[in-house]
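**Q** Got a sequence here, can you model it:
(one chain, ligands or ions: 1)
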Amino acid sequence: TKSQAWSALFSEPMSELVQRYTASVFFDRRLAAADIAGSLAHAEMLAAQGIISQEDHAAIQRGMSAISSEIESNTFDWKLALEDVHLNIEARLTQLVGDAGKRLHTGRSRNDQVATDIRLWLRGEIDAIRALLRELQLALIEVAERNVEVILPGFTHLQVAQPVSFAHHLLAYTEMFGRDEERLGDVRQRVNQLPLGAAALAGTTYPLDRERVARSLGMDGVCQNSLDAVSDRDFAIEFAAAASLVMVHISRLSEELILWMSQNYGFIRIADRFTTGSSIMPQKKNPDVPELARGKTGRVVGHLMGLITLMKGQPLAYNKDNQEDKEPLFDTVDTLRDTLRIFTEMIGGQLNAATGAKEGGISVNAAAMEAAAQKGYATATDLADYLVKKGLPFRDAHETVAHAVKAAQAHGCDLSELPLATLQGFHPAIEKDVFDVLSLRGSLNARNTLGGTAPAQVRRQIARHRARLVGE
Ligand code: ARG
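**A** The predicted model follows:
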């Protein structure tokens, strides 16, 4: 079948297998809207520069609008023999409007065309992902607001360390997702540069106005070297790296949710609709959603490895290797979008339109958290700080408290449950007021420095995040 655009030179058709191996149309048709937008901007500029006629421009516009409708209504006849989204659309355009369709590709190559398409498409996805990241941050803030005074054992090495406000712990994730959002904003600036006009690799002999095309596509600038414009996919790699960090943060949160909802912690519950049962153990509610999210992190990080390896060893300029950039990118975007949406709902709940309240987010067992914090000598540092304020050097205070903890362990009680006389046996400077610092709440309130866990600080952070996210 003579269907390829370059067929005259070829003495035999491609085999079925090679056709299937080299074609991308069954995945890159996802770029159709971007491809049409890029073509329309190119055609408008060609006409403005007098390279094609106004009649041809009008015909191209007419044809493209028909093609858009066909694609939207799923009636477009995608052909494997036409290899990719670009050739499929161009062939259909020519079918619809004749020679004007054949003139569209003047001063253009699929090499600068595809690079433009991915950038346009990715720009839109980045905007959607950043919006989802803001919603997730808001969900975390809403739960934080209700839990400022709830005490969680803070861990290091997964050993009880010091008490923290549960809200403070959630806000740590707000910081991470806030940086992710910012990072994607940085990536966007480098994604949003125009390759079109680079043509195959060397630029073109037609008097193109690349700045005009960049403006009409809402791009921030024009790629300044034609070889670089068509060949590098660093912008996609950078996106995959930023996406991987989002997933790593999601994965850490997942791990904590899974631990917290296990019977041994019992700190939280997530709504049943995010869990599944067991086919054999009737009592089970398994945290499938956070587990899958933790698992999908491997998939996204894998795509980053795939993309960065794809680039390595490619000589300038365009090579067909780059066709392999699409599936990992698409899957990264899909995984991220679904994961962020599901986490926002799992944590923050769903809006009940009737009551205007959010329902079905995570529920917190404050008593279980506090009881756990009560167990691991979480206020030992507070006792050391107390002794320092009484004049002991910190290292001596640390050693004194170690003895006190050892004694409490032997009695099977908390530091605050040791009699004053016993505590004074460790150091005579200890007085009755020591019990204020040995309480979890006293410990929390005492950490009242910027970024600390004292409720007053946590409330300030919540206000800052709110102002940043919704301008309240
Ligand atoms: N489908 C190709 C890709 O995704 C489009 C560019 C092909 N260019 C070429 N000269 N074969 O990279």
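**Q** mean confidence score for stretch 458-465?
**A** Averaged over stretch 458-465, pLDDT sits at 98.
**Q** which residues are contacting that stretch?
**A** Here stretch 458-465 makes contact (C-beta atoms under 8 Å, 6 or more residues apart in numbering) with 137, 141, 144, 145, 148, 165, 167, 168, 171, 174, 178. All C-beta atoms are positioned from the backbone trio N, CA, C, and that covers glycine.
**Q** mind listing what's buried in that stretch?
**A** Within stretch 458-465, the residues scored as buried using 16 or more other C-beta atoms under 10 Å are 458, 461, 462, 465.
**Q** The third one and the ligand, how far apart?
**A** Using C-beta to the nearest ligand atom, to the nearest Å, one obtains 46 Å as the distance from residue 462 to the ligand.
**Q** Please report how far that residue lies from residue 174.
**A** 9 Å (C-beta to C-beta, to the nearest Å).
**Q** hey, what's in contact with both of those two?
**A** Here residue 462 and residue 174 have 141, 144 as joint contacts, going by C-beta under 8 Å, 6+ apart.
**Q** Could you tell me which of the contacts of stretch 458-465 count as buried?
**A** Those of the contacts of stretch 458-465 that meet the buried threshold are 137, 141, 144, 148, 165, 167, 168, 171, 174, 178, by 16+ other C-beta under 10 Å.
**Q** so the first one is in which element?
**A** Secondary structure assignment for residue 137, by DSSP states H and E: helix 110-145.
**Q** Can you tell me which of the buried residues of stretch 458-465 is closest to residue 156?
**A** The closest of these to residue 156 turns out to be residue 458 (C-beta to C-beta; 19.5 Å).
**Q** my hunch is that that closest one is in a helix, does that hold up?
**A** Yes - Residue 458: assigned to a helix according to DSSP: H, G, I helix; E, B strand; the rest coil.
**Q** rewinding a little: could the contacts of stretch 458-465 go into JSON lines alongside pLDDT and distance to residue 396?
**A** Formatted as JSON lines, these follow (pLDDT from 0 to 100; distance: C-beta to C-beta, whole Å):
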{"residue": "137", "pLDDT": "98", "distance to residue 396": "44"}
{"residue": "141", "pLDDT": "98", "distance to residue 396": "42"}
{"residue": "144", "pLDDT": "98", "distance to residue 396": "38"}
{"residue": "145", "pLDDT": "97", "distance to residue 396": "41"}
{"residue": "148", "pLDDT": "98", "distance to residue 396": "35"}
{"residue": "165", "pLDDT": "98", "distance to residue 396": "30"}
{"residue": "167", "pLDDT": "98", "distance to residue 396": "35"}
{"residue": "168", "pLDDT": "98", "distance to residue 396": "30"}
{"residue": "171", "pLDDT": "98", "distance to residue 396": "35"}
{"residue": "174", "pLDDT": "98", "distance to residue 396": "39"}
{"residue": "178", "pLDDT": "98", "distance to residue 396": "41"}
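**Q** Now tabulate those residues in CSV and tack on distance to residue 239.
**A** Formatted as CSV, those follow (distance: C-beta to C-beta, whole Å):
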residue, distance to residue 239
137, 20
141, 26
144, 29
145, 32
148, 36
165, 35
167, 32
168, 31
171, 26
174, 22
178, 18
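**Q** Skipping adjacent residues, who's closest to the spatially most central residue of the chain in space?
**A** With distances taken as C-alpha atoms, centre = their mean, residue 246 lies nearest the centre of the chain, 3.8 Å away. With C-beta to C-beta, 6 or more residues apart in numbering as the criterion, residue 246 has its nearest non-adjacent residue at 4.7 Å, and that residue is residue 180.
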